[in-house]
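**Student:** next comes the sequence, and after it the predicted model I'd like to discuss.
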Amino acid sequence: MRVAIIGAGIVGLATAHAILDRGHDVVLVEPGGKQGRPTDGNAGWIAHTDIMPLASPKAWRNLPRWLMDPLGPLTIRPGYLPHLTPWLARFLLASSPSRIKASIGAIRSINAEALPAWKSLLSSLNLNDHLREHGILSVWRHESAFRQSQDIVEHQRNFGISAEVLNPAALAKLEPALRNVEAAVLYPEACHVSDPAVLAADLLRLALERGAVHVAAQALRIEPRDHAIHIHTDGETPEVAADQVVVSAGIWSRSLAAQLGDRIPLDTERGYNATYPKGTFGIGRPIMFEGEGFVTSPLDTGDRVGGAVEFAGLDAPPNHGRTDAMVQRLSRFLPHLQSETPAKRWMGFRPSIPDSLPVIGPAGKDRRVIYAFGHGHFGLTQAAITSRLVADLVERKSVGIDLKPFATQRF
Ligand SMILES: Cc1cc2nc3c(=O)[nH]c(=O)nc-3n(C[C@H](O)[C@H](O)[C@H](O)COP(=O)(O)OP(=O)(O)OC[C@H]3O[C@@H](n4cnc5c(N)ncnc54)[C@H](O)[C@@H]3O)c2cc1C
C-alpha cells in the first residue's frame with residue numbers, strides 16, 4: 001500500500017516510521033522551512049505525566065491574574081478576538097467538571113502509552129541517545145499556591161503516576177541553582193529529549209534512508225477519487241496519488257480538513273522561547289514553574305526557557321516583549337541570569353483544540369484520509385503513540401484505545 005503523509009513535523013515523521021514498520025510505501029509531502037514550526041523549537045519534554053487539559057482548574061485559577069498582564073503567560077490580541085470566538089465558546093464548554101474529567105481520562109489513555117511508544121521507536125532506529133531520563137520538576141514560589149494545586153498531584157497519583165513531594169533540603173540538593181521556591185514535586189518517570197529539532201532531523205534522515213520518498217512541496221488540495229486519493233501540490237510534482245493519506249500538518253491542517261468538509265476548531269496557541277548557551281541556567285532537568293506559564297529545559301544544544309500562550313493567529317508578527325517578560329520572571333528563580341547575554345528567541349505555533357485532545361481518526365467523509373493533528377502542548381509527547389494508532393487505522397486494525405474522544409465527529 002502507498003501512504004502519503006502531508007506534513008513532516010514530529011507527528012508526521014513518527015507516523016512515517018510506524019507505516020514503514022508495517023511494510024508499506026511512504027511519501028512525505030512537506031515543503032520544509034515553515035517559520036514557527038513547533039516541532040523544532042519546543043521544550044523537548046516527554047511529559048506523559050501531565051494529564052491536565054488547558055481548560056483545567058489550574059488555568060482558571062490563574063486566568064484573571066494572567067489576563068490582566070499584557071505580557072503575562074496568557075494573552076488574546078484584541079484584533080484576533082472575533083476570529084477566536086468560536087474556539088473560546090468550545091473552550092468554555094470543555095471547562096465543565098464533567099468535560100474536564102472526560103478530557104483528563106482521554107489524555108491519560110494515550111499518555112500512558114506515550115513513553116513506551118517513544119522508547120520502542122527510538123530503539124528500533126538506534127536513536128536511544130536522544131532520551132534523557134532525569135525526571136521533571138514542578139516548582140511553586142509559594143507554599144500556599146502549591147497547597148491549592150495538590151488536587152492535581154492527587155489526580156496524577158490516582159492514575160499511577162509517581163509524584164514525589166520534595167522538602168527544601170532535597171530540592172536544594174537536586175537543583176542548587178534554584179532560588180525563591182517554597183514547594184516542589186519531582187516526576188521521576190518524565191523525560192526530555194536531547195534537542196527536538198535534532199531529533200526531527202534524525203527521524204527525517206532515517207525515514208528517507210528506509211525508503212520514504214520526499215515530495216518537497218505544499219499540499220494545496222486533497223481529492224478523493226474512486227481508486228486513489230490525489231494530493232495537488234505547489235511543487236515540481238504537481239500531483240501525488242496514494243491509497244491512503246495522513247494529514248499531519250499541525251496548525252496548517254485546518255484548511256485541508258475544511259476542504260474535505262470537516263470544520264475543526266483548530267487554532268494556534270503561539271508560544272515563545274529563549275535559548276541560552278548550554279549550562280547557563282545551571283539546572284539538571286526540566287522544570288515547570290507553576291503559575292508562571294513557562295518551563296525550562298537543559299537541552300544538548302542550549303538551556304531553553306519557553307512557554308506563554310498567545311492567541312493572535314498565524315500572521316501577526318511575534319511580540320518578543322513576551323519572551324523578555326518570561327526571562328525577567330525566570331530571573332527571580334535564577335538570579336544569576338540577569339548578567340547573562342541575551343539569548344536566541346523564537347516563536348512557534350502550537351496546533352490546539354479547545355478540549356486539549358488531538359484529532360486522531362478518519363475524515364468524516366472518507367476513511368482513506370486519516371487525521372493526526374491538534375496535539376497542542378503535547379505534540380512531542382504524543383507523537384510516537386499517535387503514529388502507532390495511525391498505522392493501525394491505516395491497516396483497519398483495532399487500536400486498543402477508545403478513539404471516540406479524538407474523533408472528528410465530536411465537533
Ligand atoms: C513554546 C513551545 C513549547 C512546547 N513544548 C513542548 C514539549 O516540551 N513537549 C511536547 O510534547 N510538546 C511541546 N510543544 C508542542 C509541540 O511542539 C507541538 O504539539 C508539536 O510540535 C506539533 O507537531 P506537528 O507535527 O503536529 O506539527 P508541526 O510541528 O507544526 O509540523 C507540521 C508540518 O507540516 C508542514 N506543513 C504545513 N502545511 C503543509 C502543507 N500544506 N503541505 C505539506 N506540509 C505542510 C510544516 O512544514 C511542518 O513541517 C511545545 C510548543 C511550543 C510552541
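**Tutor:** Structure's in. What do you need? Numbering: from 1, shown residues only.
**Student:** when you work out contacts or count neighbours from here on, use the C-alpha atoms and nothing else.
**Tutor:** OK.
**Student:** quick check, Ser352 in contact with Phe378.
**Tutor:** No - judged on CA atoms under 8 Å, Ser352 makes no contact with Phe378 at a distance of 9.7 Å.
**Student:** the two: which is more packed in?
**Tutor:** Shown here are Ser352 and Phe378; by other CA atoms under 10 Å, Ser352 has more neighbours (27 against 24).
**Student:** got the phi and psi for the nearest residue to that one once chain neighbours are set aside?
**Tutor:** Distances taken as CA to CA, 6 or more residues apart in numbering put Gly376 closest to Ser352, at 4.2 Å, once the chain neighbours are dropped. For Gly376, the backbone dihedrals (degrees, to the nearest 10) come out as phi 50, psi -120.
**Student:** Gly376: neighbour count?
**Tutor:** Neighbour tally, Gly376, other CA under 10 Å: 27.
**Student:** check it and give its pLDDT.
**Tutor:** With respect to pLDDT, Gly376 has a value of 97.
**Student:** mind listing what it touches?
**Tutor:** Shown in contact with Gly376 (CA atoms under 8 Å, 6 or more residues apart in numbering): Glu269, Arg350, Pro351, Ser352, Ile353, Ser356, Leu357, Pro358.
**Student:** mind redoing it with 7 Å?
**Tutor:** Shown in contact with Gly376 (CA atoms under 7 Å, 6 or more residues apart in numbering): Arg350, Pro351, Ser352, Ile353, Ser356.
**Student:** between those, which is nearest Ile264?
**Tutor:** Ile353 (8.2 Å; CA to CA).
**Student:** that closest one contacts Ile264, doesn't it?
**Tutor:** No - using CA atoms under 7 Å, Ile353 is not in contact with Ile264; the gap is 8.2 Å.
**Student:** more neighbours: which of these two?
**Tutor:** Comparing Ile353 with Ile264 by other CA under 10 Å, the one with more neighbours is Ile353, at 24 against 19.
**Student:** any idea how far the nearest residue to Thr275 once chain neighbours are set aside is from the ligand?
**Tutor:** Of all residues not flanking Thr275 in the chain, Arg304 sits nearest, at 4.2 Å (CA to CA, 6+ apart). According to CA to the nearest ligand atom, to the nearest Å, Arg304 stands 10 Å off from the ligand.
**Student:** same question for Ser253.
**Tutor:** Ser253 is 7 Å from the ligand, by CA to the nearest ligand atom.
**Student:** now do the SS call for that residue.
**Tutor:** Three-state call for Ser253 (DSSP: H, G, I helix; E, B strand; the rest coil): helix.
**Student:** contact partners for it?
**Tutor:** Listed by CA under 7 Å, 6+ apart, the contact set of Ser253 reads Val247.
**Student:** same check on Val153?
**Tutor:** Neighbour list for Val153: Ala163 [criterion: CA under 7 Å, 6+ apart].
**Student:** can you tell me the helix or strand for it?
**Tutor:** Assessed by DSSP states H and E, Val153 sits inside helix 150-158.
**Student:** assign Ile360 to helix, strand or coil.
**Tutor:** Going by three-state DSSP: Ile360 is strand.
**Student:** got the contact list for it?
**Tutor:** Tyr371, Ala372, Phe373, Phe406, Ala407.
**Student:** part of a strand, is Lys365?
**Tutor:** No - counting by three-state DSSP, Lys365 is not part of a strand but coil.
**Student:** count the neighbours of it for me.
**Tutor:** By other CA under 10 Å, 11 other residues sit near Lys365.
**Student:** repeat for Ile283
**Tutor:** Ile283 has 18 nearby residues by other CA under 10 Å.
**Student:** and the strands in the stretch 101-250 of the chain?
**Tutor:** Counting by DSSP state E, counting those that start in this stretch, the stretch 101-250 of the chain has these strands, from start to end: 131-132, 136-140, 164-166, 183-187, 191-193, 213-215, 219-224, 229-233, 239-242, 244-247.
**Student:** what's the closest of those to the ligand?
**Tutor:** For the ligand, the closest of the strands of the stretch 101-250 of the chain is strand 219-224, at 3.7 Å, according to CA to the nearest ligand atom.
**Student:** returning to what we had before: avg pLDDT for the helix holding Val153?
**Tutor:** 88.
**Student:** now the angle from that helix to strand 183-187?
**Tutor:** 20 degrees (axes from the mean of the first three to the mean of the last three CA atoms, to 10 degrees).
**Student:** having no further points to raise, I will conclude here.
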